[in-house]
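Participant: After the sequence you'll find the predicted model.
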Amino acid sequence: MSSLPGDGAALAASDPDLRGDPAGLRRMRFVATGMLVALVTLLLASVLGQASYPWLAWVRAFAEAGTVGAVADWYAVVALFRHPFGLPVPHTAIIPRNQARIAESLGSFVERNFLAPDLIASRLRTHNGAMAVGSWLTTPANSRTLVDPIADAIPRLLDTFNDDDVARFFERIAEPRLREFDPSRLAGSLLQILTDNDRHAPLLDRALRAMEHWLTQHSGLLKAKFSEASRYTPGRFDTYIVDKFVEGIVALMHEVGENPEHPLRLQLDDSIAQTIVWLRTSERSQRIGRIWMRDCIRHLKHEHRYRHLWQQLRARLQGDITGSDSMFRATASRVLASIGAAVAQDPVLQRKLNGWGLRLVHAMVVRYRHQVPVLISDVVRSWDTDEISRKIEAEIGRDLQFIRINGTLVGGTIGVLLHAATLLIAR
């Protein structure tokens, strides 16, 4: 970091990636060098005028010691980055000559002080990351920022799969898995999920109300069908029978809907439970499921219908994603926001997610912590020696120029004190 003419003063400013202040570095270098030139000039003037003006001995002592301090600090600063005046003086150009050692030391420093698993774990334990992420996701704009890049990448991803890729995937991967798949067990599991904790009750109530509404609205159709089936009975008698039948069925539906313990409702639950067991365990249900699956595969393979299905799916998905009112983007954003809200409001879930994240980070750090120092060392070693000097000089150059300025002033002050001490001793 020489401040003398021709020492490469503009190097720190030549790299646009440097975070230092090139203008500030040049300014401080100019000040430090200007002070050195001023002290040299003051020293010459005091030497020439001391015979006529003895009091200039004090000025000479200040200028003399200040010049020595300024030159010594200039030499020390320059020796860090290059050979002074280009001369291969021993123990100069310290940073370029020790680039490999600096790279190793920097990598080891980062590993010891920043990638210690216990240190990272202790910091993460004090931070509720799950709640922070959940709260962040509840904002629609935030969840959309996650969805948009994924949605934008999907059309390009879909374009990478041509029809031959789809055919190979279906014939080599999907078809063998489908032939081994047991749809009856899946149907039983889905039915079990539907009926657990009476989840099917609202559906049953809705179905009863729909049937009641249909019977009420179509009693005329029932009368007409009853009359067709009973040609020899009077019309009034047919109407009376159908009305009473409809009234009885509607009343029964009311009873079933209002009474959770109604025998018909319990019988229906029993039938569903038996059906679940049958779907899961019966060889006949499994055989029927395999037949259905074979028929489905045969249908998909006929005239390569799976290719047409894929083409339609891809076209619809691409059209939706590129549209201004994309259902995929809106749905994915709402799902993420819902997940975020659920996490943000559930302390138990937060603890589980934080614990899982902590274990994951700890495992990743333990496994890969040695790779980061190697990466840092390799990057620093790959830098050109002039480049690494410029980078470091741009970061700490202004502080080093302050060292030169302070060295000049401290040196001058010590020179005056030594001159005063010499006079006292001489007396």
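Facilitator: Happy to help now that I have it.
Participant: so how far is the longest helix seen in the chain from its chain's centroid?
Facilitator: If you go by DSSP state H, the chain has its longest helix at helix 385-426. Distance, stretch centre to chain centre, for helix 385-426: 47 Å (Cα atoms, centre = their mean, to the nearest Å).
Participant: tell me the mean pLDDT for it?
Facilitator: With pLDDT averaged residue by residue, helix 385-426 scores 83.
Participant: Check which helices and strands that helix is in contact with.
Facilitator: Helices and strands touching helix 385-426, by 3 or more Cβ pairs under 8 Å, 6 or more residues apart in numbering; DSSP states H and E, are helix 11-14, helix 22-49, helix 56-81, helix 94-97, helix 99-114. Glycine gets a C-beta too; all of them are placed from N, C-alpha and C.
Participant: Could you rerun that using 6 Å?
Facilitator: If you count contacts as 3 or more Cβ pairs under 6 Å, 6 or more residues apart in numbering; DSSP states H and E, helix 385-426 packs onto helix 11-14, helix 22-49, helix 56-81, helix 94-97.
Participant: how about the last one: buried residues?
Facilitator: So the one you mean is helix 94-97. Across helix 94-97, burial judged by 16 or more other Cβ atoms under 10 Å covers Ile95, Pro96.
Participant: That helix packs against which elements?
Facilitator: So helix 94-97, by 3+ Cβ pairs under 6 Å, 6+ apart, packs with helix 56-81, helix 385-426.
Participant: And those: which comes nearest Val133?
Facilitator: Closest to Val133 of the helices and strands packed on helix 94-97, according to Cβ to Cβ: helix 385-426, at 33.8 Å.
Participant: thought Val77 was touching Asp399?
Facilitator: No. If you go by Cβ atoms under 6 Å, Val77 and Asp399 don't touch, sitting 10.1 Å apart.
Participant: quick one, which of the helices and strands packed on helix 94-97 is packed in tightest?
Facilitator: Neighbour counts (mean count of other Cβ atoms under 10 Å) averaged over each of those peak at helix 56-81, with a mean of 21.
Participant: Distance of Leu186 relative to Arg398?
Facilitator: According to Cβ to Cβ, to the nearest Å, Leu186 and Arg398 sit 70 Å apart.
Participant: likewise Thr160?
Facilitator: In terms of Cβ to Cβ, Thr160 sits 51 Å off from Arg398.
Participant: follow-up on the earlier one: format the helices and strands packed on helix 385-426 as JSON lines; extra columns: mean pLDDT and distance to Arg144.
Facilitator: As requested, those are exported to JSON lines (pLDDT from 0 to 100; distance: least, Cβ to Cβ, whole Å):
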{"stretch": "helix 11-14", "mean pLDDT": "37", "distance to Arg144": "41"}
{"stretch": "helix 22-49", "mean pLDDT": "87", "distance to Arg144": "40"}
{"stretch": "helix 56-81", "mean pLDDT": "87", "distance to Arg144": "49"}
{"stretch": "helix 94-97", "mean pLDDT": "77", "distance to Arg144": "47"}
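Participant: Tell me the confidence at the residue nearest to the spatial centre of the chain?
Facilitator: For the chain, the residue sitting closest to the mean C-alpha position, by Cα atoms, centre = their mean, is Leu146 at 9.0 Å. At Leu146, the pLDDT value in this model is 88.
Participant: which element is it on?
Facilitator: Using DSSP states H and E, Leu146 maps to helix 140-159.
Participant: one step back: for the helices and strands packed on helix 385-426, give me JSON lines that also has distance to Ala394.
Facilitator: Listed next are the helices and strands packed on helix 385-426 as JSON lines, based on distance: least, Cβ to Cβ, whole Å:
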{"stretch": "helix 11-14", "distance to Ala394": "4"}
{"stretch": "helix 22-49", "distance to Ala394": "7"}
{"stretch": "helix 56-81", "distance to Ala394": "11"}
{"stretch": "helix 94-97", "distance to Ala394": "13"}
